[in-house]
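Make a model of this:
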Amino acid sequence: MISLRQIRAARALLGWSQQKLADEAIVSVKAVARLERNEVSTRTSTLEALENTLTKAGIIFISASDGVGEGVRLASDLD
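Modelled structure (predicted):
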């Protein structure tokens with residue numbers, strides 16, 4: 001599962017506002033804002049919707065492994 005920091009970083013790479021991400025993922029902008037502030041326990045379905053949306057937009061999620069932290073990057077085939 002992706003982390004809250006990865007969601008913020010992915011949004012920044014794409015230049016998307018919280019509203020744009022919410023619209024694309026079909027979730028409320030309040031849910032995205034609360035999630036990014038870690039104010040509530042997030043539903044798995046909301047996280048999955050955000051991850052799927054960001055992946056379709058060209059984000060690659062990198063999990064933490066071998067002492068290297070988690071991260072995000074843009075797919076190389078994006079214009």
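
quick one: the nearest residue to residue 34 once chain neighbours are set aside from residue 50, how far?
Using C-beta to C-beta, 6 or more residues apart in numbering and skipping residues adjacent in sequence, the residue nearest residue 34 is residue 40, 4.8 Å away. Quick note: C-beta positions are derived from backbone N, CA and C, even for glycine. Between residue 40 and residue 50 the computed distance is 14 Å (C-beta to C-beta, to the nearest Å).

Which stretches in the chain count as strands?
Taking DSSP state E, the strands of the chain run over residues 59-62, 71-74.

Save these as JSON lines, and put in distance to residue 34, mean pLDDT and mean neighbour count too.
As requested, those are arranged in JSON lines below (distance: least, C-beta to C-beta, whole Å; pLDDT from 0 to 100; neighbours: other C-beta atoms under 10 Å):
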{"stretch": "strand 59-62", "distance to residue 34": "21", "mean pLDDT": "96", "mean neighbour count": "16"}
{"stretch": "strand 71-74", "distance to residue 34": "21", "mean pLDDT": "94", "mean neighbour count": "16"}
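
Make JSON lines from those strands and add distance to residue 16 to it.
Converted to JSON lines, these look like this (distance: least, C-beta to C-beta, whole Å):
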{"stretch": "strand 59-62", "distance to residue 16": "10"}
{"stretch": "strand 71-74", "distance to residue 16": "12"}
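
who's in contact with residue 70?
Taking C-beta atoms under 8 Å, 6 or more residues apart in numbering, we find residue 70 in contact with 3, 5, 6, 61, 62, 63, 64.
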